[in-house]
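Sharing a model that was predicted from the sequence below.
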Amino acid sequence: MLVKQMPNGNLLNVLQIIRRAGRITRREIADKLGFGFSMASKLTADLTALDLIYEAGRSDAESGRPSDLLAINPQSAYAVGLDISGTHQKAVITDLCGGVVASISENKHIPADRQLILDGLETMISRALNCCDLKRDDIMGIGISLWASVDPASGTISSWTETPTLSAILRDFPIRSALQERFEFPHIFVDDIVRNLGAAEVRYGHHRQENEDFLFVLADSGIGLAIMLNGIPYVGPFQIAGEIGHIPISGLTTPCSCGNIGCLETVASTTAILQQVNQRINASNVRTILREPGNTPTIIDVINAAETGDKTAYQILTEAGIR
């Protein structure tokens, strides 16, 4: 049976060092963590015994004897990733290095019932596992990104303003505890989509150091911000740090799905931008490549049109951006 429990303490630190380096010697591990060589050798031996790492060749030493290089064994364990919004859901299976081995997605409204939502998640996980011939015993844990306000410490949904019809049903829903009753996976992590995207940028993004401070902005059907401090998402005392989408903008009177008036999302979200496109196309004879018979423009269509010089698309995106 494959390893299920992620090691803690020094073993986890060593595993993270190896993951970041790709391939690394025991001496380099000892230097990075301030250990003696014998301690580094013992810890890497323990990780080898767990099948989490393996010897991946020899170093190119300019002088002296080449050293063994250690690397993560990607097939030693797997994880499930879920991206869940009110209108689309996606499940992926990844190996220990983050490589995607299976992916499925659905575009449908999730039901306004907690148990039916959990049933749907369980079905998606089973379908994804079947795509890559894996079993539940092969899975080390689940990571869930929700298009909602989430308390990651308790694994509880605070609100779901992206889909107003779900807000009352899912408010204060302890979804992690509910999933723990269904699955025996040792690790189940729940957070909102933006903080998870910020964490993904740290781990897999380009030109990003893991200890940097930066802001990650998501502009989609909702608008959110991840405040990354030392490479870690800042949650805040009320778990809503970065909730910029519902900041009211002076002079705006459009009702927002959250119940307030004039939020940033009412003018700068993809939904609001597409509404502007449709209004201008229907209200005038303006020339634009977005006006195609039988075609409903998507946000990708608008962006592509703006990049090719379409004045209407460029103006609408600019107006949304300056808010």
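Perfect, thanks for sending it. Numbers count the residues shown, from 1 in each chain.

And the chain, what are its domain boundaries?
For the chain, whose domains are defined here by automatic domain parsing, the residue ranges read 9-74, 76-195, 204-246, 269-321.

how far out from the middle of the chain is the host helix or strand of D191?
Following DSSP states H and E, one finds D191 within strand 187-192. Mean-position distance between strand 187-192 and its chain equals 10 Å (Cα atoms, centre = their mean, to the nearest Å).

Over to stretch 214-225?
The chain centroid and the centroid of stretch 214-225 are separated by 12 Å under Cα atoms, centre = their mean.

got the buried residues for it?
Along stretch 214-225, the positions that meet the burial threshold by neighbour count (16 or more other Cβ atoms under 10 Å) are 216, 218-225. C-betas here are computed from N, CA, C, even on glycine.

what do you get for stretch 141-156?
Using 16+ other Cβ under 10 Å as the burial criterion, the residues of stretch 141-156 that qualify are 141-152, 155-156.

For the helix or strand of the chain with the lowest mean pLDDT, name the packing helices and strands.
Counting by mean pLDDT, DSSP states H and E, the weakest-scoring helix or strand in the chain turns out to be helix 164-170, with a mean of 81. If you count contacts as 3 or more Cβ pairs under 8 Å, 6 or more residues apart in numbering; DSSP states H and E, helix 164-170 packs onto helix 114-131, strand 156-159.

what's the next secondary structure element after it?
helix 175-182.

CA atoms only for that next one, dumped as CSV, please.
What follows is the C-alpha trace of helix 175-182 in CSV, where atoms were taken according to Å, rounded to 0.1, in the frame of the first residue of the first chain:
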residue,chain,number,x,y,z
ILE,A,175,-17.6,21.2,5.1
ARG,A,176,-14.3,19.7,6.2
SER,A,177,-15.9,17.9,9.1
ALA,A,178,-18.6,16.6,6.8
LEU,A,179,-16.0,15.3,4.3
GLN,A,180,-14.0,13.7,7.1
GLU,A,181,-17.1,11.6,7.9
ARG,A,182,-17.1,10.3,4.4
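
I169 contacts A112, correct?
Yes - checked against Cβ atoms under 8 Å, the pair I169 and A112 is within contact range at 5.2 Å.

pLDDT below threshold where in the stretch 51-200 of the chain?
The model of the stretch 51-200 of the chain has pLDDT under 70 over residues 61-64, 162.

again, only this time at 80
Residue ranges of the stretch 51-200 of the chain with pLDDT under 80: 59-66, 161-166.

returning to that earlier point: now the two most distant members of the buried residues of stretch 214-225.
F216 and S221 (17.0 Å; Cβ to Cβ).

rewinding a little: now the least confident helix or strand of the chain: buried residues?
Counting neighbours by 16+ other Cβ under 10 Å, one finds that the buried residues in helix 164-170 are 166-167, 170.

Provide the contact partners of that helix at residue level.
Helix 164-170 has contacts (Cβ atoms under 8 Å, 6 or more residues apart in numbering) with 86, 110, 112-114, 117, 148, 157, 159-161, 257-259.

what's the closest non-adjacent residue to A199?
Counting by Cβ to Cβ, 6 or more residues apart in numbering, the nearest residue to A199 once its immediate chain neighbours are dropped is P233, at 6.0 Å.

next one: Q5
The shortest distance from Q5 to any residue that is not its chain neighbour, by Cβ to Cβ, 6+ apart, is 4.9 Å, and that residue is P186.

my guess is the one you found contacts I142, does it?
No - with contact taken as Cβ under 8 Å, P186 and I142 are classed as non-touching, separated by 10.1 Å.

average pLDDT for the helix or strand hosting L274?
For L274, the host element (DSSP H and E) is helix 270-283. When the per-residue pLDDT values of helix 270-283 are averaged, the result is 88.

Can you name every helix or strand that the helix or strand that comes right after it contacts?
Of the helices and strands lying after helix 270-283 in sequence (DSSP H and E), the nearest is helix 299-307. In terms of contacts (3+ Cβ pairs under 8 Å, 6+ apart), helix 299-307 is packed against helix 270-283, helix 311-321.

Kindly reformat the ones you listed as CSV and extend each row with distance to A40 and mean neighbour count.
Listed next are the helices and strands packed on helix 299-307 as CSV, based on distance: least, Cβ to Cβ, whole Å; neighbours: other Cβ atoms under 10 Å:
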stretch, distance to A40, mean neighbour count
helix 270-283, 49, 16
helix 311-321, 50, 17
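
Nice, that's everything, thank you.
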